[in-house]
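Enquirer: Let's see this in three dimensions:
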Amino acid sequence: MATTTPEAQVAHERAVLAFGAEDFLAERVVAAVIAAARAIDPGVERRDVDLSSETALGALVEACSPNLFGDAAVVVARSAESADEQMVATLIESAAAGDIRLVVVHPGGVKGRKVADTLEANGFVRAPCEKAKGRAVDEFIARELRAARRGATAEAIEALRIAIGDDLRALAAACAQLVSDVESDPLTADSVAIYYDGVADVPGYLVADAVLGGRAVEVLRRTRWALANDPGAGPALSAAVAAGLRGLARVASLPRGMSEADVAREAGVPPFKVRALREQAGRWHPAALAAALVTLAKADAAVKGRDVAGRAMSADGLDRDQGSYVLERALLHVVSTRSGA
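Expert: Predicted structure coming up:
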């Protein structure tokens with residue numbers, strides 16, 4: 001089963017196979033094994049070997065051999081997919097001898113799969129280091145924050161994923177930075193938006209989320225906040241809300257019995273948003289959703305300097321303040337016509 005904490009399972013093992021394409025998790029496995037070894041003996045050495053190099057076999061034999069002083073060591077052997085039979089035999093023999101700890105790093109995939117299988121069959125404990133997706137990423141973010149004794153709302157976690165993506169290394173760094181620089185606890189979507197303003201258009205996402213959720217006061221506050229920070233953000237805001245409404249319409253049109261993964265693929269939305277979109281779709285009448293898209297199209301024209309009918313008002317068109325006013329009115333109108341608002 002995929003996990004984002006493989007190091008917790010193998011830190012105290014003497015022969016570990018870090019298997020999978022997520023380098024960040026493999027690094028954590030290596031660090032955990034070394035930390036566990038040094039907790040027992042602070043003088044434990046780290047010895048790295050690249051199994052894809054021309055001199056790999058000799059380097060591996062040397063790294064796995066006790067030195068004259070009998071110092072303990074953790075041997076980190078990378079590029080295991082390139083290991084030949086002699087290297088694999090050396091790894092197995094060294095693990096059986098028990099003089100050192102071994103962490104073999106394999107990127108997963110088809111190449112070198114026999115190497116991984118042979119090591120596992122001979123006592124190496126697999127640490128799964130697969131790419132995380134879906135709820136596993138949310139759990140990773142929450143766990144990173146808990147480790148720093150901080151919490152976060154579900155909206156904050158979603159906003160962070162929108163801003164950063166699903167790269168665990170970048171998310172870990174972002175969590176550390178937020179914990180260091182933001183005092184509020186738990187972290188909220190607003191604190192994430194302020195900190196990552198301009199990254200992946202977080203303000204646009206937040207406005208869209210408030211519109212889809214039917215939260216009028218929040219729509220107005222976030223729209224004005226975004227425009228105050230960037231007076232030219234109107235087109236980006238209208239585009240973000242329109243994209244959110246289109247995604248909602250696509251999700252609403254699909255059968256309820258479809259899996260979240262299938263819905264995400266068919267609707268072209270992130271898998272982790274499917275559940276929320278399904279819940280929101282139940283609160284929108286199809287006619288209101290269609291009308292909302294028309295309203296947003298007119299607002300988009302307004303913030304680009306045209307009137308709500310799509311005709312130029314003058315040679316100069318609408319000024320920025322007029323366009324922003326039309327956008328605010330349009331967003332509030334969309335919320336007010338939402339079924340169940």
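
Enquirer: any idea which element G257 lies in?
Expert: Using DSSP states H and E, G257 sits in no helix or strand.

Enquirer: how near is it to R265?
Expert: 15 Å (CB to CB, to the nearest Å). C-beta coordinates here come from the backbone N, C-alpha and C atoms, glycine included.

Enquirer: Which one of the two is surrounded by more residues?
Expert: R265 (12 against 6; other CB atoms under 10 Å).

Enquirer: in the stretch 101-250 of the chain, which spans are helices?
Expert: 113-121, 135-147, 154-164, 168-181, 189-195, 202-212, 216-229, 234-252 (DSSP state H, counting those that start in this stretch).

Enquirer: Centroid-nearest residue for this structure?
Expert: D166 (2.0 Å; CA atoms, centre = their mean).

Enquirer: Quick one: residues contacting the closest residue to that residue other than its chain neighbours.
Expert: Among residues not flanking D166 along the chain, V137 sits closest, at 5.0 Å (CB to CB, 6 or more residues apart in numbering). By CB atoms under 8 Å, 6 or more residues apart in numbering, the contact set of V137 is T4, R161, D166, L168, L171, F272.

Enquirer: burial measure for the nearest residue to the fourth one once chain neighbours are set aside, as a count.
Expert: Think L168. Spatial nearest neighbour of L168, excluding adjacent residues (CB to CB, 6+ apart): F24 at 4.7 Å. When neighbours are counted by other CB under 10 Å, F24 registers 16.

Enquirer: With A148 instead?
Expert: 12.

Enquirer: Counting by contacts, list what the helix or strand hosting E93 packs against.
Expert: Secondary structure assignment for E93, by DSSP H and E: helix 85-97. Here helix 85-97 touches helix 56-64, strand 73-78, strand 101-106, helix 113-121, going by 3 or more CB pairs under 8 Å, 6 or more residues apart in numbering; DSSP states H and E.

Enquirer: give me that answer again for 6 Å
Expert: Applying 3 or more CB pairs under 6 Å, 6 or more residues apart in numbering; DSSP states H and E, one finds that helix 85-97 contacts helix 56-64.

Enquirer: Quick check: the nearest residue to G247 once chain neighbours are set aside vs E130, distance?
Expert: Of all residues not flanking G247 in the chain, V269 sits nearest, at 4.5 Å (CB to CB, 6+ apart). Distance check for V269 against E130: by CB to CB, it reads 23 Å.

Enquirer: if you count what's nearby, which of these two comes out ahead?
Expert: V269 (20 against 17).

Enquirer: sec struct for the more buried one, please.
Expert: coil (DSSP: H, G, I helix; E, B strand; the rest coil).

Enquirer: Measure how buried P6 is and give me the count.
Expert: Neighbours of P6 (other CB under 10 Å): 24.

Enquirer: count of neighbours near the residue nearest to it when sequence neighbours are not counted?
Expert: Excluding the flanking residues, the one nearest P6 by CB to CB, 6+ apart is A127, at 3.9 Å. A127: 29 surrounding residues under other CB under 10 Å.
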